[in-house]
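Trainee: sequence and computational prediction follow.
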Amino acid sequence: MPPEFASDVSLTLLENGFVINGALKAKVITRAFEKASAAQDDVLRRPFGASVEETSQGLHAIASSVTRLNRISLQARVVQQVVATDPRKARHLFESMQPPQLTPVSCNENWYFVPDAYYDDLAAVLQRGFSESEKKGGTRAGYVSSVIRHTQSHLQLVPIARLLSTGEFTEQELRMIVPVYAATLAEVHGDPLSFSILMSADSFFEAITRLLTSLDRRNI
């Protein structure tokens with residue numbers, strides 16, 4: 001069985017409550033995470049533009065967006081399974097995840113990458129996986145800043161903006177994180193298609209507007 005299918009089967013058992021025994025559940029979680037690491041696709045793909053069904057890459061993107069059998073989406077599901085009951089373990093799992101590998105996409109392609117699941121996991125880990133002392137001491141802000149600095153594509157800017165606009169960050173944390181994000185906006189060098197997707201995404205401008213409103217309200 002292909003590793004992504006094996007991971008999905010294990011996760012389906014977990015998500016539907018078929019694994020009750022604690023020791024067995026831990027093994028199934030480990031298996032699902034490890035199998036996901038060998039998935040053929042690294043990141044979810046989404047079809048875009050006209051004549052998608054007429055190309056193999058377009059059909060691949062359709063299948064990817066429906067099944068979500070890629071490394072990031074599968075490993076993200078594992079972290080979501082763990083974070084509610086063991087936030088520290090979830091943080092460890094997230095830290096062991098390789099960030100999304102977003103190779104440049106040709107401007108004539110009819111699909112694009114969607115790395116959002118990685119940042120949804122980050123949001124859950126930030127909310128539950130850090131102690132109050134880590135928040136006050138700047139550890140959590142430094143953690144987020146480090147993730148932002150590894151941005152490769154314009155497509156990552158959308159979920160990061162959403163994270164910053166909706167996350168429950170303190171004023172001190174935002175003063176550390178926002179300058180890093182602002183610098184990344186200016187420095188990221190992606191492909192033309194990804195930039196076009198970013199500029200056409202209402203969610204990006206909505207998230208930026210919410211973030212600016214929040215910063216203004218706090219006089220940051």
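Mentor: Done, it's in. What you are looking at is a predicted structure, and each value in this text was computed from that prediction instead of being measured.
Trainee: what about Lys89, how many neighbours?
Mentor: Lys89 has 15 neighbours, counted by other C-beta atoms under 10 Å. (Each C-beta comes from the backbone N, C-alpha and C, glycine too.)
Trainee: go ahead and confirm it touches Val78.
Mentor: No - under the criterion of C-beta atoms under 8 Å, Lys89 makes no contact with Val78, lying 10.4 Å away.
Trainee: among the helices and strands of the protein, which has the poorest mean pLDDT?
Mentor: helix 202-217 (a mean of 85; mean pLDDT, DSSP states H and E).
Trainee: what's next to that one, contact-wise?
Mentor: 157-158, 161-162, 164-166, 174, 178, 198 (C-beta atoms under 8 Å, 6 or more residues apart in numbering).
Trainee: go with 10 Å
Mentor: The contact list for helix 202-217 (C-beta atoms under 10 Å, 6 or more residues apart in numbering) reads 116, 154-155, 157-167, 169, 171, 174-175, 178, 181, 185, 197-199, 201, 220.
Trainee: residue contacts, Lys136?
Mentor: Neighbouring residues of Lys136 by C-beta under 10 Å, 6+ apart: 170, 172-173.
Trainee: can you say which of the residues you listed are buried?
Mentor: Taking 16 or more other C-beta atoms under 10 Å as the criterion, what is buried in these is Glu173.
Trainee: out of the contacts of Lys136, which comes closest to Gly58?
Mentor: Glu173 (41.3 Å; C-beta to C-beta).
Trainee: separation between Tyr112 and Leu24?
Mentor: 39 Å (C-beta to C-beta, to the nearest Å).
Trainee: count of residues packed around the spatially closest residue to Phe130 that is not a sequence neighbour?
Mentor: Nearest residue to Phe130, sequence neighbours excluded (C-beta to C-beta, 6 or more residues apart in numbering): Arg140, at 4.5 Å. Arg140 has 24 neighbouring residues, counting by other C-beta under 10 Å.
Trainee: pull up the gap between the most centrally placed residue in the chain and Ile160, please.
Mentor: Centroid-nearest residue in the chain, with C-alpha atoms, centre = their mean: Tyr118, separated by 1.7 Å. Relative to Ile160, Tyr118 is positioned 10 Å away (C-beta to C-beta).
Trainee: please enumerate the shared neighbours of these two.
Mentor: Val147.
Trainee: just to revisit the earlier point, how far does the least confident helix or strand of the chain sit from the chain's center?
Mentor: The chain centre lies 19 Å from the centre of helix 202-217; the measure is C-alpha atoms, centre = their mean, to the nearest Å.
Trainee: doesn't the residue nearest to Phe130 belong to a helix?
Mentor: Yes - membership of Arg140 in a helix is supported by DSSP: H, G, I helix; E, B strand; the rest coil.
Trainee: contacting residues around it?
Mentor: Counted by C-beta under 10 Å, 6+ apart, Arg140 has contacts 125-127, 129-132, 134, 167, 169-170, 173, 176-177.
Trainee: ok, now Ser133?
Mentor: Thr139.
Trainee: what do you get for Ser10?
Mentor: Applying C-beta under 10 Å, 6+ apart, the residues contacting Ser10 are 19, 27-36, 74, 77-78.
Trainee: 6 Å instead, please
Mentor: Listed by C-beta atoms under 6 Å, 6 or more residues apart in numbering, the contact set of Ser10 reads 28, 31-32.
Trainee: and for Gln81?
Mentor: Shown in contact with Gln81 (C-beta under 6 Å, 6+ apart): Leu14.
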